[in-house]
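**Q** coords below, sequence missing:
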């Protein structure tokens, strides 16, 4: 079982210190969420709470994932970086591929691209990208970016994007793609790629998702050996809980260990102490 630290809602400069501590303490990676802006009012209800309200307060920091990865890669040696999650359909795919590829190159292949199709129509409108066909465009963008990250000349002729013969440098190491979402179409999309990445979820529901992913992989003649299932678990507390998750095929946990010891208002020192205690209590 791998353990990744979630950097959601943290102060940007604090994330650098958290990443350095995670690297030293033996954590496997750090999760980096993504929003371009936080609009004051939305016409789109937030889909992951019962009342449709966002989980975060105004003026929460959302650093650009790829600028952040470029910085974190220079102060760590083994920590991996996964987006939780990045929305390709909200971007120009060429500039997105350039940023992701450069970050992966600087990180010596420690980048894992967690993606989703997106939920916020208002943010898509602000970015001048179509919301209605975002799923199909996301599929094509992932295919296009893989071509752009390949060595040599690239041509691409898709439904949404057509690319003349070109090359994009530097060529990054391979970037695994993990897809988020619990809908059937999201799980099918994940099963075609390298992994699935979850949102806040209870263990039983995560196990059900893992079982469905295993079936979908089998339908396509694909093994589970190198398939990643990475998720936070809202009700996993004990070693037995994590063992049950691992036995069900969940390969990685996203966590904020300081929440178990000092709570949401922990200082930076308390966060790092919580990370140290979590390793001692549950991981070793």
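**A** Now that the structure is in, tell me what you want to look at. Worth saying up front: this structure is predicted, and the values here are computed from it rather than measured.

**Q** CA atoms for contacts and neighbours, from now on please.
**A** OK.

**Q** all helices for the chain, in order.
**A** With helices called from DSSP state H, the chain shows them at 12-25, 65-73, 93-106, 121-126, 134-148, 184-191, 203-219, 239-247, 268-278.

**Q** In CSV, list these along with mean neighbour count and mean pLDDT.
**A** Putting those into CSV (neighbours: other Cα atoms under 10 Å; pLDDT from 0 to 100) gives the following:
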stretch, mean neighbour count, mean pLDDT
helix 12-25, 18, 98
helix 65-73, 20, 98
helix 93-106, 21, 98
helix 121-126, 16, 96
helix 134-148, 19, 98
helix 184-191, 20, 97
helix 203-219, 17, 97
helix 239-247, 15, 96
helix 268-278, 19, 97
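
**Q** Format those helices as a markdown table; extra columns: distance to residue 160.
**A** Below are the helices of the chain laid out as a markdown table (distance: least, Cα to Cα, whole Å):
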| stretch | distance to residue 160 |
| --- | --- |
| helix 12-25 | 35 |
| helix 65-73 | 24 |
| helix 93-106 | 11 |
| helix 121-126 | 16 |
| helix 134-148 | 7 |
| helix 184-191 | 18 |
| helix 203-219 | 27 |
| helix 239-247 | 39 |
| helix 268-278 | 44 |
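
**Q** so which of those gets nearest residue 114?
**A** helix 184-191 (10.0 Å; Cα to Cα).

**Q** and the angle from that closest one to helix 134-148?
**A** 10 degrees (axes from the mean of the first three to the mean of the last three Cα atoms, to 10 degrees).

**Q** so helix 184-191 versus helix 203-219, what angle?
**A** Using the same axes, to 10 degrees: helix 184-191 against helix 203-219 is 60 degrees.

**Q** hang on, the earlier thing: compare the helices of the chain and give me the one nearest residue 231.
**A** Among the helices of the chain, helix 203-219 sits nearest to residue 231 (Cα to Cα), with 7.8 Å.

**Q** Now do that closest one and helix 239-247, the angle between them.
**A** Using the same axes, to 10 degrees: helix 203-219 against helix 239-247 is 20 degrees.

**Q** elements contacting helix 203-219?
**A** helix 184-191 (3 or more Cα pairs under 8 Å, 6 or more residues apart in numbering; DSSP states H and E).

**Q** Give me the contact list for the helix it packs on.
**A** Residues outside helix 184-191 that contact it (Cα atoms under 8 Å, 6 or more residues apart in numbering): 178, 179, 180, 181, 196, 209, 212, 213, 216, 217.

**Q** separation between the third one and residue 229?
**A** Residue 180 is 10 Å from residue 229, where distance means Cα to Cα, to the nearest Å.

**Q** okay, and the common contacts of these two?
**A** Jointly contacting residue 180 and residue 229 under the rule Cα under 8 Å, 6+ apart are 196, 197, 198.

**Q** Check what pLDDT the first one gets.
**A** With respect to pLDDT, residue 196 scores 98.

**Q** if I pick it, what's in contact with it?
**A** 178, 179, 180, 187, 190, 228, 229, 230.

**Q** one more time with 6 Å
**A** By Cα atoms under 6 Å, 6 or more residues apart in numbering, residue 196 lies in contact with 178, 179, 180, 190, 229.

**Q** is the second one in a bridge, and if so with what?
**A** Yep, that's residue 179 we're talking about. Beta-bridge partners of residue 179, counted by DSSP bridges, are residue 115, residue 196.

**Q** re earlier: ok, so of the contacts of helix 184-191, who is nearest residue 70?
**A** Closest approach between these and residue 70, by Cα to Cα: residue 178, at 19.9 Å.

**Q** how much space between the nearest residue to residue 103 once chain neighbours are set aside and residue 81?
**A** Closest residue to residue 103 apart from its sequence neighbours, by Cα to Cα, 6 or more residues apart in numbering: residue 70 at 5.1 Å. For residue 70, the distance to residue 81 equals 10 Å [Cα to Cα].

**Q** go on, residue 152?
**A** Taking Cα to Cα, one finds residue 152 at 26 Å from residue 81.

**Q** coming back round to it: CSV for the shared contacts of residue 180 and residue 229, including distance to residue 281?
**A** Putting those into CSV (distance: Cα to Cα, whole Å) gives the following:
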residue, distance to residue 281
196, 27
197, 25
198, 24
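
**Q** how close does residue 127 get to residue 60?
**A** For residue 127, the distance to residue 60 equals 20 Å [Cα to Cα].

**Q** ok, back up a step: of residue 152 and residue 81, who's got more company?
**A** Just comparing residue 152 and residue 81: by other Cα atoms under 10 Å the higher neighbour count belongs to residue 81, 29 against 13.

**Q** Right, I'll call it a day here.
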